[in-house]
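**Q** Mind folding the following:
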Amino acid sequence: MKKESHFGALLFLALFALPFAATGAVMMYLIGATIVEWIDMSSWQEVPARILEAELVSHHSSKSTSYEVTARYEYEYAERSYEGTRVGIHRKADNIGSYHQRAFEDLARFRDSGEPFRCFVDPAAPRKSVIYRTLRWEMLAFYSVFLFVFGGVGFGLLIGVPIAGRRLKLEASQKELHPDDPWHWNHAWQDGIVRSSNKPRAFWYTTFTLILSALSVPVVITVMTELSRGTKAALIGLVIPLLAVVLGVFALRAIMRVLKYGESVFEMATFPGVIGGRLEGTINTTVNIRPEDGFRVSLRCIKRTTTGSGKHKSTNERILWESTNLVRHELLAKDPTRSAIPVLFAIPYDAKATFDEPRLKIIWRVDVKASVPGVDYFARFDVPVFRTADSSPDFVLPTDEADGGNVVTVPDMTLKEDGVTIERHASGGVRINVPMLRLPGVAAMVAACAAVFGGAGVAMWHAGDAPLILVLAFSGVGLLLLWATLDVLFARSQIQVLHGKVTFVCGIPGATKLHRLSVDEVKRLRISAGMQSGNRVYYRVRLETHDGKEYTLARLLRDKRHAEQLVEVLEAALRG
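**A** Got it, this is the predicted structure:
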C-alpha cells in the first residue's frame with residue numbers, strides 16, 4: 001500500500017507540474033514573440049500623427065489595480081489617411097512600473113494642444129502602426145520571473161518524477177531483498193559508499209540564486225522607477241536583490257569548492273553505523289589535502305520536524321547529539337594525488353536511529369573540514385545509523401584506537417581553541433576567562449541581517465507613506481539583531497572559584513552584574529544548547545543552586561567538549 005501511495009504521489013506531482021510547465025512555455029513564447037515584434041518594428045517608418053483620443057483605463061481587483069493607456073490617432077502614409085489605436089508593443093493592462101501613466105500624460109498633452117505627435121508605420125502594411133515601439137525591459141523581466149519560477153518548477157518536476165520513479169522501484173526491490181535491513185533501501189548508501197553533498201549543494205545554491213536574480217530584475221526596475229517619483233518606501237524592495245547577492249556568495253563558494261576538490265566519497269567500514277557501537281570508515285578525496293591544523297571531523301544526530309502546510313509550513317532542526325574529533329594526519333600523506341581521512345566515532349546506546357518520513361526525519365551527518373589556502377576544504381555526508389545485533393549498552397572504543405593507535409583520530413579538542421584561559425591557584429582554586437571577540441564571522445552574519453531589517457525600517461520611516469506597523473516591525477527586528485550582534489561580539493565570562501566562594505560575571509560589560517555564591521550553595525553544573533547557526537550549536541554552562549536559582553557561567557562555546565572540559569575544571573575546583 002505504501003509503495004502504491006508513493007507512485008500515486010509521483011503521478012500527482014506529474015499532473016501538478018503540467019500547468020506550471022505550460023505557464024513557463026507560454027512565458028517563453030511571449031518573450032520570444034515580443035522580441036521578434038520589436039525587431040520588426042525597428043524598420044517601420046516614422047510619420048506625423050494627430051492624437052484624437054487618449055484615456056487611462058484602470059482595472060480594479062481585490063488585490064491590485066492595473067492600468068492601460070488607450071488612444072485613437074490618425075496619420076497619412078503614401079498620400080492615404082489611416083487611423084490607428086495601437087499604443088505600444090505590449091497590448092494589455094499591467095501595473096509593472098509607470099509606463100501607462102507616463103504614456104497617457106504625453107498623449108493627453110498632444111491631444112489637448114492639437115500639436116502633431118508621431119507614430120511608426122509598417123511600410124508593407126500601412127494599416128499597422130504603433131506610437132511607442134520601445135521594448136519594455138521590465139515586462140520582459142516580469143515574464144522571465146514566470147519563466148524561471150513556474151517553468152523551472154514545472155519542467156523540473158517533469159524531469160524529476162521519472163528519476164524518482166526509478167529510485168522507488170530500486171528501493172522496492174531492495175526492500176524485498178533486505179526486508180529487515182533498512183540501510184540497504186536507500187540508493188545513496190549502496191554497499192556503504194556515500195558521496196558528499198557538495199555537488200548537489202552547489203547546484204541548489206546556484207538554482208535559487210538564479211531564481212532570486214530573475215525576481216530581482218523587475219524589483220530593481222520598479223524600485224528605481226518609484227524612487228524617481230519620490231516614493232522612498234520602495235527601498236524595501238531591495239531586500240530581494242540583497243538576498244540574491246548573499247545567496248550568490250554561497251553559490252560561488254560552493255562552486256569553487258567543487259572545482260577545487262572534486263567529489264569526496266565516504267567508504268564505511270561499519271555499514272551501517274551502529275547505535276551502541278561504532279561508526280568507522282575513510283573519506284577519500286580526489287586531491288591531496290595537507291592542512292597544518294589537521295581535519296575536524298564531526299558526527300551529528302539531527303532531528304528535523306515539519307509542521308503545518310502550505311504557507312504555514314515550517315521546518316525546525318535540532319541537534320540531538322554531536323561529537324567532534326581532530327585528525328592530525330590523513331592516511332595517504334605520501335600520495336600527491338589524493339587523501340584518505342579516517343573517521344571513528346562511538347555512538348551512544350540511547351541515540352535515535354536514522355528515520356525518514358515526510359514530517360519527521362532523524363539524520364546522521366558527518367562533516368569534515370580543514371583550513372587551507374584559498375577555499376577551505378569541506379565535505380558533508382548523510383550516513384545510515386541503526387540499532388543492530390552488534391549494539392551494546394556497554395560499548396566503548398578500545399583505548400589504543402581512541403588515543404590514536406593505528407587510526408590517527410584523537411579527541412584533542414581543548415578550551416584554548418575557544419580562546420578560554422585557565423589560571424590555577426596553589427590552594428586548589430581556579431580562575432577562568434572566556435574573552436570577547438571570539439566569533440567575528442557569526443557576528444558579521446547577524447550584523448548583515450540587522451542592517452537589512454534596520455535599513456528597511458529607516459527607509460520606510462523617512463518615506464513617510466509606509467504603514468506604521470511595518471516601520472515598527474522592521475525597525476524592531478533590526479534593533480534585536482543589532483543587540484544580538486553586540487552580544488556575540490562583546491559577551492565575555494570571568495569565573496573564579498577560590499576560598500569557598502564562586503564569583504562570576506557573564507555578558508556584555510556594563511550590562512551584567514557580578515555574582516558571588518558560597519560553594520555550599522551550588523547544587524550542580526550542567527550543559528545546555530544555546531544559539532544554533534546552521535548545523536553549528538553553541539553551548540553554555542549553567543550553575544544551579546539548591547534553592548532552584550540558575551545562572552549562566554559561560555556562553556557561546558563552539559564545541560560540546562569545550563563545555564564538558566570547562567565543567568570538569570569547575571567541578572574539580574568546587575570539590576577543593
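**Q** Do I have it right that residue 147 meets residue 29?
**A** No - contact criterion CB atoms under 8 Å: residue 147 and residue 29 do not qualify, at 9.9 Å. Bear in mind the C-beta positions are built from the backbone N, C-alpha and C, glycine included.
**Q** neighbour-wise, which of those two wins?
**A** residue 147 (21 against 12; other CB atoms under 10 Å).
**Q** That one belongs to a strand, doesn't it?
**A** No - using DSSP: H, G, I helix; E, B strand; the rest coil, the assignment for residue 147 is helix, not a strand.
**Q** what about the closest residue to it other than its chain neighbours, is that helix, strand or coil?
**A** Nearest residue to residue 147 in three dimensions, chain neighbours excluded: residue 27, at 4.1 Å (CB to CB, 6 or more residues apart in numbering). Classification of residue 27 by three-state DSSP places it in helix.
**Q** any idea how far residue 27 is from residue 214?
**A** 11 Å (CB to CB, to the nearest Å).
**Q** So for those two, which residues contact both of them?
**A** Common neighbours of residue 27 and residue 214, using CB atoms under 8 Å, 6 or more residues apart in numbering, are 144, 147.
**Q** where in the stretch 1-150 of the chain is pLDDT low?
**A** Scanning the stretch 1-150 of the chain for pLDDT under 70 picks out the ranges 1-10.
**Q** what ranges do the strands span in it?
**A** Secondary structure of the stretch 1-150 of the chain (DSSP state E, counting those that start in this stretch): strands located at 45-60, 65-77, 80-84, 117-121, 129-130.
**Q** Give me the pLDDT for the spatially most central residue of the chain.
**A** In the chain, the residue lying closest to the centroid (CA atoms, centre = their mean) is residue 247, at 7.2 Å. Looking at residue 247, its pLDDT is 87.
**Q** Let me know the secondary structure of it.
**A** helix.
**Q** Next secondary structure after the helix or strand containing residue 167?
**A** Secondary structure assigned from DSSP states H and E places residue 167 in helix 152-177. Using DSSP H and E, the helix or strand that follows helix 152-177 in sequence is strand 193-195.
**Q** What is the distance between stretch 503-512 and the centre of its chain?
**A** Centroid displacement of stretch 503-512 relative to its chain, using CA atoms, centre = their mean, to the nearest Å, is 34 Å.
**Q** now the end-to-end length of that stretch.
**A** 13 Å (CA to CA, to the nearest Å).
**Q** buried ones in it?
**A** Burial within stretch 503-512, assessed by neighbour count using 16 or more other CB atoms under 10 Å, is assigned to 504, 506.
**Q** go on, stretch 338-358?
**A** Those would be 339, 341, 342, 343, 344, 345, 346, 347, 351, 352, 353, 354, for stretch 338-358 by 16+ other CB under 10 Å.
**Q** Out of these, flag the one nearest to residue 372.
**A** Closest approach between the buried residues of stretch 338-358 and residue 372, by CB to CB: residue 339, at 11.1 Å.
**Q** if I pick the residue nearest to residue 147, what's in contact with it?
**A** 143, 144, 146, 147, 150, 151.
**Q** State the next helix or strand along the chain beyond the helix or strand of the chain with the lowest mean pLDDT.
**A** The least trusted helix or strand in the chain, going by mean pLDDT, DSSP states H and E, turns out to be strand 409-410, with a mean of 43. Using DSSP H and E, the helix or strand that follows strand 409-410 in sequence is strand 421-424.
**Q** Run through the neighbouring helices and strands of that next one.
**A** Packing partners of strand 421-424 (3 or more CB pairs under 8 Å, 6 or more residues apart in numbering; DSSP states H and E): strand 430-434.
**Q** For the stretch 251-400 of the chain, which segments are assigned as strands?
**A** Secondary structure of the stretch 251-400 of the chain by DSSP E, counting those that start in this stretch: the strands cover 265-268, 273-274, 277-284, 295-307, 314-327, 340-347, 355-356, 360-370, 377-383, 385-386.
**Q** domains of this structure?
**A** Annotated domains of the chain cover 43-132, 192-196+263-411, 431-575 [automatic domain parsing].
**Q** Can you lay out those domains as TSV showing distance to residue 206?
**A** Output for the domains of the chain, formatted as TSV (distance: least, CB to CB, whole Å):
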stretch	distance to residue 206
domain 43-132	27
domain 192-196+263-411	16
domain 431-575	19
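**Q** out of the strands of the stretch 1-150 of the chain, deepest packed?
**A** Compared across the strands of the stretch 1-150 of the chain, strand 129-130 shows the largest average neighbour count, a mean of 22 (mean count of other CB atoms under 10 Å).
**Q** and it, how far out from the chain's middle?
**A** Put simply, strand 129-130 sits 48 Å off its chain's centre (CA atoms, centre = their mean).
**Q** still on that earlier bit, ok, the buried residues of stretch 338-358 vs residue 138, which is closest?
**A** For the buried residues of stretch 338-358, the nearest to residue 138 is residue 354 (48.7 Å; CB to CB).
**Q** can I assume the closest one is in contact with residue 386?
**A** Yes - with contact defined as CB under 8 Å, residue 354 counts as touching residue 386 (6.1 Å).
**Q** tell me the contacts of the residue of the chain positioned farthest from its centre?
**A** Relative to the centre of the chain, the most outlying C-alpha is that of residue 79, 64.4 Å out, by CA atoms, centre = their mean. Not one residue lies near residue 79 by CB under 8 Å, 6+ apart.
**Q** Ramachandran coordinates for it?
**A** Backbone torsions of residue 79, given as degrees, to the nearest 10, read phi 60, psi 20.
**Q** Same question for residue 509.
**A** Backbone torsions of residue 509, given as degrees, to the nearest 10, read phi -50, psi 130.
**Q** Neighbours of residue 514, how many?
**A** 9.
**Q** Hmm, it is touching residue 505, no?
**A** Yes - here residue 514 reaches residue 505: they are 4.8 Å apart, a contact under CB under 8 Å.
**Q** Just give me how far the helix holding residue 167 sits from the chain centre.
**A** The answer for helix 152-177 is 25 Å, by CA atoms, centre = their mean.
**Q** Rounded mean pLDDT for that helix, please.
**A** Helix 152-177 comes out at a mean pLDDT of 78.
**Q** Which positions within that helix qualify as buried?
**A** Quick answer for helix 152-177 (16+ other CB under 10 Å): 152, 153, 154, 157, 161, 164, 168, 171, 174, 175.
**Q** What distance do you get for the residue nearest to residue 64 when sequence neighbours are not counted to residue 197?
**A** Excluding the flanking residues, the one nearest residue 64 by CB to CB, 6+ apart is residue 95, at 5.8 Å. Distance, residue 95 to residue 197, using CB to CB: 41 Å.
**Q** returning to what we had before: residues that sit against both of residue 354 and residue 386, list them.
**A** Counting by CB under 8 Å, 6+ apart, the contacts common to residue 354 and residue 386 are 182, 183, 272.
**Q** which regions of the stretch 401-550 of the chain lie under the pLDDT threshold?
**A** Checking the stretch 401-550 of the chain against pLDDT under 70 turns up 401-414, 463-466, 534-535.
**Q** quick one, strands of it?
**A** According to DSSP E, counting those that start in this stretch, the strands that the stretch 401-550 of the chain contains are 409-410, 421-424, 430-434, 492-498, 501-507, 515-518, 522-533, 536-545, 550-557.
**Q** what would the ones you listed look like in CSV with distance to residue 455?
**A** Shown next, in CSV, are those (distance: least, CB to CB, whole Å):
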stretch, distance to residue 455
strand 409-410, 46
strand 421-424, 38
strand 430-434, 32
strand 492-498, 29
strand 501-507, 27
strand 515-518, 38
strand 522-533, 22
strand 536-545, 27
strand 550-557, 26
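**Q** Among the ones you listed, which comes closest to residue 112?
**A** strand 522-533 (62.1 Å).
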